[in-house]
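In: fold the following.
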Amino acid sequence: MAIDQIINSLEPEGASVLMGVSEENVPVNTRMVLQKGLTFVGSSRSSRSDFIEVMNMLTKNPLLVDKMGILVDTVRDIKSIDDIGQAFEHDQAHAFGKTIMHWHL
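Out: Predicted structure coming up:
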């Protein structure tokens, strides 16, 4: 699960923002969260200013981009409606990582 990947990737006393909403309960390895002294902040919405702040942070800290890369399972080019369906099918079939869609419509 993505939350496990985040917990494993964070350095001791690290922090992460959890965004979005899951339809299911998500188990959290509280032992590792407490052992590493991690901080999580939840947000279900973001604004333009949030996006700008994140982009600035990533620009100033290129190592963060590399660390976030381990969360990506696949990158799919979307050029048709069929490509969208295939990307979602791939995502559903793979429990590990995120599916990124590059839109070319």
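
In: for the closest residue to Pro27 other than its chain neighbours, grab the count of nearby residues.
Out: Closest residue to Pro27 apart from its sequence neighbours, by CB to CB, 6 or more residues apart in numbering: Met1 at 7.4 Å. C-beta here means a position set from N, CA and C on the backbone, and glycine is covered the same way. Met1: 13 surrounding residues under other CB atoms under 10 Å.

In: and Met1, what does it touch?
Out: 26-27, 95 (CB atoms under 8 Å, 6 or more residues apart in numbering).

In: now tabulate the residues you listed in TSV and tack on pLDDT.
Out: Listed next are these as TSV, based on pLDDT from 0 to 100:
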residue	pLDDT
Val26	89
Pro27	92
Ala95	78
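
In: can you list those residues in TSV and add secondary structure and distance to Ser9?
Out: Supplementary listing: the contacts of Met1 in TSV, determined by DSSP: H, G, I helix; E, B strand; the rest coil; distance: CB to CB, whole Å:
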residue	secondary structure	distance to Ser9
Val26	coil	16
Pro27	coil	17
Ala95	coil	17
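
In: okay, strands next: where are they in the protein?
Out: Using DSSP state E, the strands of the chain run over 15-19, 39-43, 72-78, 98-103.

In: what does stretch 66-79 contact?
Out: Contact with stretch 66-79 is made by 2, 5-6, 9, 83-84, 86-87, 90-91, 94, 96-105, as judged by CB under 8 Å, 6+ apart.

In: of the residues you listed, which belong to helices?
Out: Using DSSP state H, 2, 5-6, 9, 83-84, 86-87, 90-91 are the members of the contacts of stretch 66-79 that sit in helices.

In: most neighbours, which of those residues?
Out: Ile6 (21 neighbours).
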